[in-house]
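Peer 1: heads up, no residue letters with this:
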């Protein structure tokens, strides 16, 4: 099993949070762009799109391992990803930005190293 720190290096747009929805760790790109998000409440950093509510523990458990769309307000871009449960009280969001124009990569202050190529 890969440890959390390695996971956050491999997935630059990732968030680890606890059952109280406090952000514990960020992937390297989120950390570089939003370092003050660590310790913040998840809903102040990421907004689920197409959900009827903000993040709550019951809603998160209902959507585990399902594709979701997210908005990270400070970055002004949408993301696609999923939520995984690491432990009973810890969760991981792994996502990738939805960018349809190469120029937008640069305008967001990103590089191609920030993007996961599959």
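Peer 2: Cool, the structure landed. Nothing here was measured: the structure is a model prediction, and the numbers come from that model.
Peer 1: what ranges in this structure fall below the confidence cut-off?
Peer 2: Low-confidence segments of the chain, defined by pLDDT under 70: 1-4, 107-109, 112-118.
Peer 1: so what's residue 51 up against?
Peer 2: Residue 51 makes contacts with 59, 63, 68, as judged by CB atoms under 8 Å, 6 or more residues apart in numbering. Every C-beta, even on glycine, is put in place using the N, C-alpha and C of the backbone.
Peer 1: the lengthiest strand in the chain: what's the following helix or strand?
Peer 2: Ranked by number of residues, the top strand in the chain under DSSP state E is strand 77-87. Next helix or strand after strand 77-87 toward the C-terminus (DSSP states H and E): strand 90-97.
Peer 1: residue 64 versus the nearest residue in space to residue 61 that is not next to it in sequence, what's the distance?
Peer 2: Counting by CB to CB, 6 or more residues apart in numbering, residue 85 is the residue found nearest to residue 61 once chain neighbours are left out, at 7.7 Å. Per CB to CB, to the nearest Å, residue 85 is found 6 Å from residue 64.
Peer 1: over to residue 80?
Peer 2: 16 Å.
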